[in-house]
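**Q** Sharing a model prediction with you, sequence too.
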Amino acid sequence: MASTLSGKLDTEVQIKAAAHDFHDIFCNKTHKISTTSSDKIRSCRLHQGEWGNVGSVVSWSYVQDDGQVKQAKKMVESIDYDNKAITFRVTEGDILNEYKYFKMTIKATPKSDGEGSVVNWTMEYERMHEGVAHPEALLNLATKVSKDVDSHLTQ
């Protein structure tokens, strides 16, 4: 029987930018996110490895909706260049105070009409206990950051 503590949330964000440009920011130019979304992402630094490589570790400092600044180290678990997808797994940080396991996949798909893209965020996790909320606040943050990156790419 599957644990009721495990979960999966996802959302779609409509953007004007090309899917390959959006994917490139999250894959190869991740450090630019703290510039394009500075009120939400305080810093994004390469901790280990090289940008755009599986196994690389990126340190993030981000601001939640309640104004609290949080830290996370995320390892690049997989990159699918053909499908414009990247998966990060949290290895250290505040998220792991509430979740035993947390990973997120970001996939950008060109719209069929050729005008912009659809970004899918999927978060898979296991909460420490029933008192831990599902990570809707992090999904909301992901949506806002996506819109900021889109604005940067289309200005």
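**A** All right, it came through fine. Numbers count the residues shown, from 1 in each chain.

**Q** List the buried residues in stretch 27-44.
**A** Using 16 or more other CB atoms under 10 Å as the test for burial, stretch 27-44 gives 27, 29-30, 32-34, 36-37, 40-41, 44. (Glycine included, C-beta is placed from N, CA and C.)

**Q** Quick check: end-to-end length of it?
**A** For stretch 27-44, the separation between the terminal residues is 12 Å (CA to CA, to the nearest Å).

**Q** so what's the closest residue to Q71 other than its chain neighbours bridging to?
**A** Of all residues not flanking Q71 in the chain, G93 sits nearest, at 4.7 Å (CB to CB, 6 or more residues apart in numbering). On the basis of DSSP bridges, G93 is bridged to A72.

**Q** What distance do you get for K73 to V118?
**A** K73 is 28 Å from V118, where distance means CB to CB, to the nearest Å.

**Q** okay, these two: which has more neighbours?
**A** Higher neighbour count among K73 and V118: K73, with 19 against 15, using other CB atoms under 10 Å.

**Q** can you pull the contacts of the more buried one?
**A** Residues near K73 by CB atoms under 8 Å, 6 or more residues apart in numbering: 47, 57-60, 90-93.

**Q** how near is the closest residue to it other than its chain neighbours to V58?
**A** Nearest residue to K73, sequence neighbours excluded (CB to CB, 6+ apart): E92, at 4.1 Å. As defined by CB to CB, E92 lies at a distance of 11 Å from V58.

**Q** Which one's more surrounded, the two?
**A** Ranked by neighbour count (other CB under 10 Å), E92 and V58 place V58 first, with 20 against 14.

**Q** If the more buried one is in a bridge, with which residues?
**A** Under the criterion used (DSSP bridges), V58 bridges to L46, K74.

**Q** G52 versus that one, what's the distance?
**A** From V58 to G52 the distance is 11 Å (CB to CB).

**Q** Which residues belonging to the longest helix anywhere in the chain are considered buried?
**A** What stands out as the longest helix in the chain, according to DSSP state H, is helix 136-154. Neighbour counts over helix 136-154 (16+ other CB under 10 Å) mark 138-139, 141-142, 145-150, 152-153 as buried.

**Q** ditto for stretch 66-76
**A** Result for stretch 66-76 [16+ other CB under 10 Å]: buried residues 70, 72-76.

**Q** Between all of those residues, which two are separated the most?
**A** Using CB to CB, those span at most 19.5 Å, a distance reached by K70 and V76.
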